[in-house]
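# Mind looking at a prediction? Sequence and model below.
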Amino acid sequence: MRLMRRYEFKYEGFEVAKLSDEIHSEIQRLCATGDELAKARRFADAIPMYWTAWDLLPEPKTDWSAALWILAAIGDANFLGGDYVAGRDNLSQAMHCPGAIGNPFVHMRLGQCQFELNAVDRAADELMRAYMGAGPDIFKDENPRYLAFLKTKAKDIETPKKPWQFWKR
């Protein structure tokens, strides 16, 4: 799932400043490079690209909406690379960014990190937020154990439908 990328500073719902074109372009370039490295499963190489993009954000960094997708990309790379502690920490920090609360992808990845760290109550909470925000399909490309775990915590959890079965819902 791709997070929406926006480059403005938000304060209480009002746009008050935009990143300069130079910073915006450099953040895009760095994150695109990080995305390509992550796609090639070179997570240890991708993460420094994202951190370099993070360093370009003015303070306070978590007030910029771009901070969400940068931290989410870092947390995603942490998770996929098996560093669940760093994933939990970076995705928890992302929750302080505009648009994070209620973002199904961020909740899912944070819940998966919590699950892998055996923080089952936190995992159930985050995974349920992902499920409530996007339905069962958010789990269709994930290891089935996360949805199976969620089914042990709540009733009426559906299994994702295969794309050719969408009409059976």
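Cool, the structure landed.
# pLDDT weak spots in this structure?
Under the criterion pLDDT under 70, the flagged ranges of the chain are 1-17, 159-169.
# report the longest helix in it, please.
helix 21-39 (DSSP state H).
# Going by neighbour count, list what's buried in that helix.
Within helix 21-39, the residues that qualify as buried are 23-24, 27, 30-31, 33-35, 37-38, counting by 16 or more other C-beta atoms under 10 Å. Glycine gets a C-beta too; all of them are placed from N, C-alpha and C.
# likewise stretch 116-124?
Within stretch 116-124, the residues that qualify as buried are 116, 119, 122-124, counting by 16+ other C-beta under 10 Å.
# Check stretch 101-118 too.
For stretch 101-118, by 16+ other C-beta under 10 Å, it's 103-116.
# Name the nearest of these relative to residue 70.
Checking the buried residues of stretch 101-118 against residue 70 by C-beta to C-beta gives residue 106 as the nearest, at 12.0 Å.
# list the contacts for that closest one?
Shown in contact with residue 106 (C-beta atoms under 8 Å, 6 or more residues apart in numbering): 3, 68, 72, 75, 91, 94-95, 100.
# For the one helix or strand it maps to, C-alpha coordinates in CSV please.
Assigned by DSSP states H and E, residue 106 falls within helix 104-116. In CSV, the C-alpha atoms belonging to helix 104-116 read as follows (Å, rounded to 0.1, in the frame of the first residue of the first chain):
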residue,chain,number,x,y,z
PRO,A,104,-4.7,1.6,8.0
PHE,A,105,-1.2,0.8,6.6
VAL,A,106,0.6,2.5,9.5
HIS,A,107,-1.7,0.8,12.1
MET,A,108,-1.1,-2.6,10.4
ARG,A,109,2.7,-2.3,10.3
LEU,A,110,2.8,-1.1,13.9
GLY,A,111,0.5,-4.0,14.9
GLN,A,112,2.7,-6.5,13.1
CYS,A,113,5.8,-5.2,14.9
GLN,A,114,4.0,-5.3,18.2
PHE,A,115,2.9,-8.9,17.4
GLU,A,116,6.5,-9.9,16.6
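# And that helix, how far out from the chain middle?
Computed by C-alpha atoms, centre = their mean, to the nearest Å, the chain-centroid distance of helix 104-116 equals 8 Å.
# export the buried residues of stretch 116-124 to a markdown table and tack on distance to residue 157?
Below are the buried residues of stretch 116-124 laid out as a markdown table (distance: C-beta to C-beta, whole Å):
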| residue | distance to residue 157 |
| --- | --- |
| 116 | 20 |
| 119 | 20 |
| 122 | 18 |
| 123 | 14 |
| 124 | 11 |
